[in-house]
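> make a model of this:
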Amino acid sequence: MNGQQGWSSYNDGHVVSPREYLHTPVDSPVSGGGQFFSAREDGFERSAESVNGQRGYTLEAYNGQQHSSYNQQHSSYNHDGYDQERSSYADNDNYNQHSSYAGNDNYNQRSSYNQGFYANQHPDSGATMLNKSTSSLEKQSPAKRQKRRCCGNGRYCWCFSKRCCLIFIPILLVILAGVGVTLYYVFPRIPVVTFERISVAQEQGSSVEQLLGSASINRQGVVTVPLVIHLNVTNPNFIPWTIHNVTVDGFLANSTQDDFPVGEGGLLEPFKMPKKTNTNDMPIYFNFRLSTDNDNYLSAAQTVQKSCSAGGPNLQFKYKAKIILKAISWLGIKPVISDTISFACPVSEIESLGINISDLTGLVGV
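As a prediction, this is how the structure comes out:
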């Protein structure tokens, strides 16, 4: 070949420039040799304008320089399969272009457009192919596959589909509302108990006689006075309640400020209360008993005599009542009510029973 770079030589010995090569018609002879040439090996004419219209490349040759590309990088391949990048810009300077091996001993700088066809696309490198293969395996591997979130992907709530939730949640809310209303009405509320009055028991009958001892002062020095303590009970519940039993322990506050036990009492029968009522009279039958066996008997007897005399102070009576309700007693709940009540001594009623108050202090030593 001659020393001009970027020029093409043909079998008839003629040398043409790249511009002539690209613009020469398919059946136009180069010189008088009578041989024809084509702009492409497949026999189709390809002009610089058509190349520019398809890929945006402008092929030009200035002063024997090789073709230049202004827009993109393109590569040509040699026969060994190695790819070589071409410069993306050559402004007619003396930049050396990468050349592709021509297949003989001489290396010629040639454009990928000298043969009238485009360079093939770059093949994927080994690393790129390995990454694609690994990504494909990860998508297919069950261990790598992302697990579906039960409640966080917008289609599920609490591990149920949205349709199930739309049906289940309203039903659940209705059930919870029903349970809440039921608990509000049936939840046990402790009754409110207040002292009303106290009196001497006058009833006669087997049940009263079994609970209360007859008023007496026996030779063993025991004074027994049957009393009835009337308590007012308020039922705050929305359902009727029944108090099955009440146990009461009574104490007398004497002059020495010591609480002297004066007996015990309770209900004769279960006490029933209507719902939401506040005027329920619950009688507690109580045996007021003074025993000379107690060390503080004399002080307690003097307190009673003083209160039962004309113009005497009121008796101070303390009690503790344990209320037993079957509705809540099975839960271990047994409300205890304690209070101190003050009342005038019922002298006439006690004496009507045959008890002489003045004899109480004389029982000491009996």
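
> report the helix or strand with the lowest average pLDDT across this protein.
When the helices and strands of the chain are scored by mean pLDDT, DSSP states H and E, helix 48-55 comes last with a mean of 42.

> Asn296 against Asp258, yeah?
Yes - with contact defined as C-beta atoms under 8 Å, Asn296 reaches Asp258; the gap is 5.8 Å. Quick note: C-beta positions are derived from backbone N, CA and C, even for glycine.

> please identify which of these two sits among more neighbours.
A direct count of neighbours by other C-beta atoms under 10 Å for Asn296 and Asp258 places Asn296 higher, at 16 against 13.

> how near is that one to Pro261?
Per C-beta to C-beta, to the nearest Å, Asn296 is found 9 Å from Pro261.

> okay, domains of this protein per the record?
Per automatic domain parsing, the domain ranges recorded for the chain read 1-142, 156-186, 192-363.

> which one of those has the lowest average pLDDT?
With a mean of 46, domain 1-142 has the lowest mean pLDDT of the domains of the chain.

> so what's Thr253 up against?
You called it Thr, but residue 253 is Ala. With contacts defined as C-beta atoms under 8 Å, 6 or more residues apart in numbering, the neighbours of Ala253 are Asp259, Phe260, Thr303, Gln316, Phe317, Lys318, Thr340.

> what subset of the residues you listed is buried?
Buried members of these, scored by 16 or more other C-beta atoms under 10 Å, are Asp259, Phe260, Thr303, Gln316, Phe317, Lys318.

> contacts for the helix or strand where the last one lies, please.
Spelled out, it's Lys318. When elements are assigned from DSSP states H and E, Lys318 belongs to strand 315-324. Outside of strand 315-324, the residues within contact range by C-beta under 8 Å, 6+ apart are 191, 193, 198, 229, 231, 243-253, 259, 262, 284, 286, 303-304, 307, 334-345.

> quick check: longest helix of this protein.
When the chain is scanned for its longest helix (criterion: DSSP state H), the result is helix 162-186.

> give me the angle between the very next helix or strand once past that helix and strand 315-324.
Later in the chain than helix 162-186, the nearest helix or strand by DSSP H and E is strand 192-200. For strand 192-200 against strand 315-324, the angle by axes from the mean of the first three to the mean of the last three C-alpha atoms, to 10 degrees is 130 degrees.

> could you list the buried residues of strand 192-200?
For strand 192-200, using 16+ other C-beta under 10 Å, the buried residues are Val193, Phe195, Ile198, Val200.

> all strands in the stretch 201-350 of the chain, in order from the N-terminus.
Counting by DSSP state E, counting those that start in this stretch, residue ranges of the strands within the stretch 201-350 of the chain are 216-217, 222-235, 241-243, 245-253, 259-266, 271-273, 277-291, 315-324, 336-343.
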